[in-house]
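A.B. asks: Give me a model of this one.
(chains A and B)
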Amino acid sequence: MNHSSSDDNFSAATIKKGFAAAWPVCLGYAAIGLAFGVIARKSGLHPLEVGLMSLLVYAGSSQFIAAAMIGNGAGILPIVLTTFVVNLRHLLMSSSLSVYLRELNAPQTALFAYGITDESFAVNSARFRQGNWNWQTALVVNHISNFAWIASTIAGSMLGSFVPDGALGLDYALTAMFICLLVFQLRDSLQIVVALLSGIIAVIIALVVPGNYYVILASFFAATVGLIIRRKKQSGKNHER
Amino acid sequence: MNVEILLIIICMGAVTYIPRWAPLYLLSRRALPSWFIEWLDFIPAAILSALILPAILTVGEPRRLDPLTPEFLLSIPTLLVAVKTRSLAGTVLTGMGLYWLVQKFMS
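C.D. replies: Sure, this is the predicted structure:
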């Protein structure tokens, strides 16, 4: 593993580097967060409750679903169970990041885990793979993104949608970011095969099964196929020798 | 603040935090078999693709396939910019600009 970076503290350089990587996440979160604030307010949530939910839950799609369920008068158990299922996909992201976060002690692990989202995972796993990235910088990405989410959801709930719909193509910021970070992950043809397979299976599952199980199911399956192909190739090479 | 809503938010926070924390805590503290590390190596590309494609290729609830969404069509030039420039800023700004133009002139 690459521990070449020498700054062990949160120096100005670390924070600057985190900002440089996190700004597309902040743009995307600002757009979605404002929308969430507006919708949550309409569902009857007070701005304080919106802020508290963004602070404690910090997971966009589950917050939208929960706001709708609260608005419809759903009970606590269905809301909490739905939240759990929708956010289970973080299991895979947390597992994947664990490879790069082996030197963390228990409190540091607990703090880092809080900030794992689809978007911070996408940014940090691409940067860890490229090297010259450490957990401090990754934590800065997590917390800048977290701040953008909390602030924009509260702003939306208090001020309404003061940014007009579709302004500056903000709604496409996260999609474009994901596409670019996916390209960064495609180092060889097998990674491309796994990505294509995962995407196609995810679309098929998404068409048949409601909810977002498709993320975890498709990734699990495609990564397993990738592993089998890689192992077959390796054993084939060993036989040739 | 409403007590029931407060309780809902706290429980939501707990059940969201556990899957974020448990693998990181358990896996970063032990030696992992090489096949598992190789498997994890495929997870980022697999997850990103599984997040992107259904979001841009399906619409509505229940979802149906729509290969002509602006989100999907624009993903092609966006992907090309990413491959050519390998620049995150360039890709994000190009994607946003194209999306903004399409929305401005098609609605």
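A.B. asks: In chain B, which residue sits closest to chain A?
C.D. replies: Going by CB to the nearest CB, chain A is nearest to residue B:95 of chain B, at 2.7 Å. Backbone N, C-alpha and C define where each C-beta goes, glycine included.
A.B. asks: Give me the buried stretch members for the helix or strand harbouring that residue, please.
C.D. replies: Using DSSP states H and E, the element containing residue B:95 is helix B:88-106. Burial within helix B:88-106, assessed by neighbour count using 16 or more other CB atoms under 10 Å in any protein chain shown, is assigned to B:88, B:91-96, B:98-100, B:102-103.
A.B. asks: same check, this time on stretch A:78-85
C.D. replies: Neighbour counts using 16+ other CB under 10 Å place A:79-80, A:82-85 of stretch A:78-85 among the buried residues.
A.B. asks: Over to stretch B:16-31?
C.D. replies: If you call a residue buried by 16+ other CB under 10 Å, then stretch B:16-31 has these buried ones: B:16-21, B:23-25, B:27-28.
A.B. asks: the strands in chain B, which residues?
C.D. replies: Under the criterion DSSP state E, strands of chain B are mapped to B:58-59, B:64-65.
A.B. asks: Run through the neighbouring helices and strands of the first one.
C.D. replies: Okay, so that is strand B:58-59. If contacts are counted by 3 or more CB pairs under 8 Å, 6 or more residues apart in numbering or on different chains; DSSP states H and E, strand B:58-59 sits against helix A:189-208.
A.B. asks: Check the gap between the residue nearest the centre of chain B and residue A:116 for me.
C.D. replies: Closest residue to the average C-alpha location of chain B: residue B:51 at 4.1 Å, with CA atoms, centre = their mean. According to CB to CB, to the nearest Å, residue B:51 and residue A:116 sit 14 Å apart.
A.B. asks: can you list contacts of stretch A:215-224?
C.D. replies: Residues outside stretch A:215-224 that contact it (CB atoms under 8 Å, 6 or more residues apart in numbering or on different chains): A:88-89, A:91-92, A:194-195, A:197-199, A:201-202, A:205, B:39-40, B:42-43, B:46-47, B:49-51.
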